[in-house]
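Peer 1: I need the structure of the sequence given here:
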Amino acid sequence: MLKSFFRHESSTGIVSMLMTLLVMIVANSAIKSYYDAFLDLPVLVSIGSLTIAKPLLLWVNDALMAIFFFMVGLEISRGVRKVDISIFALVDDKGPFR
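Peer 2: Next up, the predicted model:
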């Protein structure tokens, strides 16, 4: 049942709306202080002498932005391959003006 739900295109929108509703409920409830403390949790990544220390909220924001721009790039790539997005669609042997 869960696999068939996630095969629909609308499933990501439904899950996004449900998660937004959940966060709104938590943000306006008595456990808001725990939620804020969780988001302020320091996360440290260290590779050799390179150290990056940021709160969890910033790591989540950076990860979500990376996923968003990756998805945008995939959509643009798909559009170019299917010739939905093409500068050559407007220009042929007769020139750009007909």
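
Peer 1: now the strands for the protein?
Peer 2: Here the chain has its strands, by DSSP state E, at 42-47, 50-55.

Peer 1: where does the protein have its least confident helix or strand?
Peer 2: helix 2-6 (a mean of 82; mean pLDDT, DSSP states H and E).

Peer 1: show me where this protein has its helices.
Peer 2: Under the criterion DSSP state H, the chain contains helices at 2-6, 11-27, 32-39, 56-81.

Peer 1: closest to Val45 out of the ones you listed?
Peer 2: helix 56-81 (8.5 Å; Cβ to Cβ). C-betas here are computed from N, CA, C, even on glycine.

Peer 1: please identify the most buried of the strands of the chain.
Peer 2: strand 50-55 (a mean of 11; mean count of other Cβ atoms under 10 Å).

Peer 1: for the chain, what are the low-confidence residue spans?
Peer 2: 83-98 (pLDDT under 70).

Peer 1: quick check, central residue of it?
Peer 2: For the chain, the residue sitting closest to the mean C-alpha position, by Cα atoms, centre = their mean, is Phe68 at 3.3 Å.

Peer 1: I'd like the distance between Ile14 and Leu21.
Peer 2: 11 Å (Cβ to Cβ, to the nearest Å).

Peer 1: what does Asp62 give?
Peer 2: 24 Å.

Peer 1: ok now stretch 38-47, how far from the chain's centre?
Peer 2: With Cα atoms, centre = their mean, to the nearest Å as the basis, stretch 38-47 stands 20 Å off its chain's centre.

Peer 1: actually stretch 37-50, sorry about that
Peer 2: That offset, for stretch 37-50, works out to 21 Å (Cα atoms, centre = their mean).

Peer 1: what lies in contact with it?
Peer 2: 51-57, 59-60 (Cβ atoms under 8 Å, 6 or more residues apart in numbering).
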